[in-house]
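Colleague: Following is a predicted model, sequence given first.
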Amino acid sequence: MAFDPAFLTNINTQLGSFLPSLLGAILILIAGWVLAAIAASITKRILLQTNLDNRLASTFLPAGSTARPHVEQWGAALVFWVIMIFAIVAFLNALRLDVVSQPLNNFLQQIFSYLPRLGGAAILVALAWVLASLVKVLVTRGLARFGLDEKLNVAPKDAEAGAADPYVAARSAEVGVVDPSRQPAAESPFLLSETLGNVLYWFVFLFFLPLILDVLQLQGPLQPVQTLLNDFLVILPRILSAIAIGAAGWFIAQVVRNIVTNLLRAARVDRLGTQFGLSRTQGALSLSSLIGTLVYVLILIPTAIAALQALGIRAISDPAIAMLNDILTALPRIFTAAVLLIVFYVIGRFIADLVTNLLTSFGFNNVFEWMGLPRQTVAAVSPPPSSPPYDATPGGEPTVVQPAATLPRRTPSEIVGILALVGIMLFAAVAAAEVLQFQQLTAIVNGILAVSARVLVGVIVFGVGLYLANLAFNLIAGSGGRQARILAQAARIAIIALVSAMALQQMGIATNIVALAFGLLLGAIAVALAIAFGLGGREVAAEQLREWLASFKQQS
């Protein structure tokens, strides 16, 4: 086969015409790559000089997160590939590869036709960010000037709270033990100004969101957002009214509580509270603080009702308002019951002290001796001379050891006074339950009162019986007979058994069983005496019967 020189000429002609285009396309691609690399490097340097990544992290990432968005790398990569796409399209056009370059041209045309929308949306986002940041700064700094966060986070302290033991405090300071009550709080405080600033910050973005979606012509997401925003704007005035009413009521309640608490504290009402048994330990509420808190709650209840009515959400407001109205309706009855209990308590304390003093002057403290019961005496035990209230833990740290509490011993007169106080308070509880219209509670207290009365009468009967048994024992034993002590003991046992049965019957404890047992006991004693007399006095009884028979025969 012969070689055709025309074929070689044709190839040379085509290569000669295509080679400049190929070299030009390669140069375009290289130039585009160099330009893209330079533009990406410049973009990265510019972004590195800004604080954009930190701002995005503080805005979109949770607080305390260590991760940071790589904004510089993302921006540089975006610029690089945008320029490279243009370079690739130019490269393909230089090679006259229209089949490959046409889709890329269409893609770039769509991107460039959408760029004005993206620019408009970006401008709106920037404007929203500026306004949101400005609103947040104004709200945060404005509330910070009023010191609202400090007022909310300051815990109420009682000025007259009980102080710690100075000896324990001194020893704790020597060994390095820190008082837990003086340690700083571990949890972070609630900052209302920061919270309101963040809420308003995102509200501004929410208002700009429909505009941004409209500029981007995203009609699908725009309709739900627009509906949500319209509904929110409709309810926004009611929400603001409810917030304003709640804030005003809360402020008034705070002021009134402080005024009432300080006024009562200046009037030395806390001393009256200690007489009623209110604790003065650290952390306990004093009487003035308690009354101030009650006034605070009484102001907040109608405030909450007004705020819920202003909110206008019936599914939430109607049940809550009904509940608060029930509470307000019950408040007069609660106060009346509290006044009754306080008045009865004061009267009961007076009567208890009066009864205690009268019984003490009558020598009632010797009642156990009158009943023949031994009187217990407790020897005083002195503590060790050098026993510091400290103990060592396995880790070597000293801990404070509190001394064991001992209950004070009551005299019989004081016990009777306490019983009188309890009885008066039971009557007060019945009256208070009737005022509160708690029928079941009234029935329960009446039942407790009736049982307590029966038990008290039973105890009195038993005590009187013990006194009579001891009196009979002393009288019989003091007669001086040979069997006097045995008879005295028998008489005491018989009287104690009798009064025990009477006391149990009076208390209502198994009345039938007690009566049956007492009858059987007396019958058994009678039978035992009869048998003892019959067996022991058999000869005497036979002699007596013979005399009666002889006398009968003589008369007949």
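Modeller: Sure, I can see it.
Colleague: how about the nearest residue to residue 26 once chain neighbours are set aside, what does it touch?
Modeller: What sits nearest to residue 26 in space, not counting adjacent residues and going by C-beta to C-beta, 6 or more residues apart in numbering, is residue 91, at 7.8 Å. Every C-beta, even on glycine, is put in place using the N, C-alpha and C of the backbone. Residues near residue 91 by C-beta atoms under 8 Å, 6 or more residues apart in numbering: 25, 26, 28, 29, 32.
Colleague: Inside helices: which ones of these?
Modeller: When helices are assigned by DSSP state H, the members of the contacts of residue 91 inside them are 25, 26, 28, 29, 32.
Colleague: Neighbours of residue 113, how many?
Modeller: Using other C-beta atoms under 10 Å, residue 113 has 9 neighbouring residues.
Colleague: Please report how far the closest residue to residue 304 other than its chain neighbours lies from residue 416.
Modeller: Using C-beta to C-beta, 6+ apart and skipping the chain neighbours, the partner closest in space to residue 304 is residue 324 (6.0 Å). From residue 324 across to residue 416, the span is 46 Å (C-beta to C-beta, to the nearest Å).
Colleague: do the same with residue 32
Modeller: Applying C-beta to C-beta, the value for residue 32 to residue 416 is 109 Å.
Colleague: How about residue 474?
Modeller: The spacing between residue 474 and residue 416, counted by C-beta to C-beta, is 25 Å.
Colleague: Over to residue 200?
Modeller: Distance of residue 200 to residue 416, given as C-beta to C-beta: 69 Å.
Colleague: which of those two has more neighbours?
Modeller: Using other C-beta under 10 Å as the criterion, residue 200 and residue 416 rank with residue 416 on top: 19 against 15.
Colleague: Now do the buried residues in the helix or strand hosting that one.
Modeller: Element membership of residue 416, judged by DSSP states H and E, is helix 412-435. Within helix 412-435, the residues that count as buried by 16 or more other C-beta atoms under 10 Å are 413-414, 416-417, 420-421, 423-426, 428-435.
Colleague: What helices and strands are in contact with the strand or helix carrying residue 230?
Modeller: Using DSSP H and E, residue 230 sits in helix 219-266. If you count contacts as 3 or more C-beta pairs under 8 Å, 6 or more residues apart in numbering; DSSP states H and E, helix 219-266 packs onto helix 192-215, helix 287-311.
Colleague: run the last query once more with 10 Å
Modeller: helix 148-153, helix 192-215, helix 269-275, helix 287-311 (3 or more C-beta pairs under 10 Å, 6 or more residues apart in numbering; DSSP states H and E).
Colleague: buried sites along the longest one?
Modeller: Buried residues in helix 287-311, counting neighbours by 16+ other C-beta under 10 Å, are found at 287-293, 295-296, 298-301, 303-311.
Colleague: Quick one: name whatever helix or strand follows it.
Modeller: helix 314-361.
Colleague: just the angle between that next one and helix 219-266, please?
Modeller: Using axes from the mean of the first three to the mean of the last three C-alpha atoms, to 10 degrees, one finds that helix 314-361 and helix 219-266 are set 20 degrees apart in direction.
Colleague: What's the mean pLDDT across helix 314-361?
Modeller: The average pLDDT for helix 314-361 rounds to 83.
Colleague: What residues does residue 334 make contact with?
Modeller: By C-beta atoms under 10 Å, 6 or more residues apart in numbering, the residues touching residue 334 are 327, 432, 435, 436.
Colleague: so which one among these has the lowest pLDDT?
Modeller: Out of these, that is residue 327, at 80.
Colleague: And the residue lying closest to it once chain neighbours are set aside, how close does it get to residue 261?
Modeller: Leaving aside its chain neighbours, residue 327 sits nearest to residue 301 (6.2 Å; criterion: C-beta to C-beta, 6+ apart). Distance from residue 301 to residue 261, counting by C-beta to C-beta: 19 Å.
Colleague: So residue 30 is in contact with residue 87, correct?
Modeller: Yes: if you go by C-beta atoms under 10 Å, residue 30 and residue 87 touch, sitting 8.7 Å apart.
Colleague: Comparing the two, which shows the higher neighbour count?
Modeller: Taking neighbours as other C-beta under 10 Å, residue 30 and residue 87 compare with residue 87 leading, 20 against 12.
Colleague: Any idea how many residues pack against the closest residue to residue 209 other than its chain neighbours?
Modeller: The shortest distance from residue 209 to any residue other than its chain neighbours is 5.6 Å, reached at residue 225 (C-beta to C-beta, 6+ apart). Counted by other C-beta under 10 Å, the residues lying close to residue 225 total 16.
Colleague: in stretch 204-211, what counts as buried?
Modeller: In stretch 204-211, counting by 16+ other C-beta under 10 Å, buried: 204, 208, 209, 210, 211.
Colleague: Right, I'll leave it there.
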